[in-house]
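Student: Next input, structure requested:
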Amino acid sequence: MLSGIRVLIGEDEVLIAAALSQALEDAEGEVVGVACSVREARQMIKQLPFDAAVLDLHLTDSEVTPVLEALHARKAPTVVYSGSELPEKVRVRHPELVALRKPVLPGRIVAEILRARRKGA
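Tutor: Next up is the predicted model:
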């Protein structure tokens, strides 16, 4: 389904990151990196080629607002996958953002990545 789409993951919980990576790889996607902090995510955005991103709202060192801004500037399709609601200020700034509340079946995450990529095309 994802057939070679390169995905960057921002997730600070190791088990969730591993399950998410496995789900994306099972759907024929390629996980290019997993960042557990905002600092790591921003570094990966600058250094790694990727086609889409899946992000938790909270990483080990902060909320992901700077990461969302960097992804937005790069016009990278992004899916938020978090245990909390998308803050109103983020929703207003990024109305196109897809936000899923944990837990979600892997097929839904894959479908939302594909939908986000179509919207950006």
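
Student: just checking, what's the longest helix in the chain?
Tutor: Longest helix in the chain by number of residues (criterion: DSSP state H): helix 106-120.

Student: Who are the packing partners of it?
Tutor: Applying 3 or more Cβ pairs under 8 Å, 6 or more residues apart in numbering; DSSP states H and E, one finds that helix 106-120 makes contact with helix 14-26, strand 52-55, strand 78-82, strand 98-101. Just so you know, the C-beta spots here come from the backbone N, C-alpha and C atoms, and that holds for glycine as well.

Student: Just want the angle from it to strand 78-82.
Tutor: 150 degrees (axes from the mean of the first three to the mean of the last three Cα atoms, to 10 degrees).

Student: The helix or strand of the chain with the lowest mean pLDDT pairs with which strands?
Tutor: Across the helices and strands of the chain, mean pLDDT, DSSP states H and E gives its lowest value to strand 62-63, namely a mean of 86. If you go by DSSP bridges, strand 62-63 pairs up with strand 58-59 (antiparallel).

Student: Off-centre distance for stretch 38-52?
Tutor: 11 Å (Cα atoms, centre = their mean, to the nearest Å).

Student: list the buried ones in the longest helix of the chain?
Tutor: I109, V110, A111, E112, I113, L114, A116, R117 (16 or more other Cβ atoms under 10 Å).

Student: what do you get for stretch 38-52?
Tutor: Buried positions in stretch 38-52, judged by neighbour count with 16+ other Cβ under 10 Å: V38, E40, A41, R42, M44, I45, F50, D51, A52.

Student: Report the inter-axis angle for the longest helix of the chain versus helix 14-26.
Tutor: On the basis of the same axes, to 10 degrees, helix 106-120 is oriented at 70 degrees to helix 14-26.
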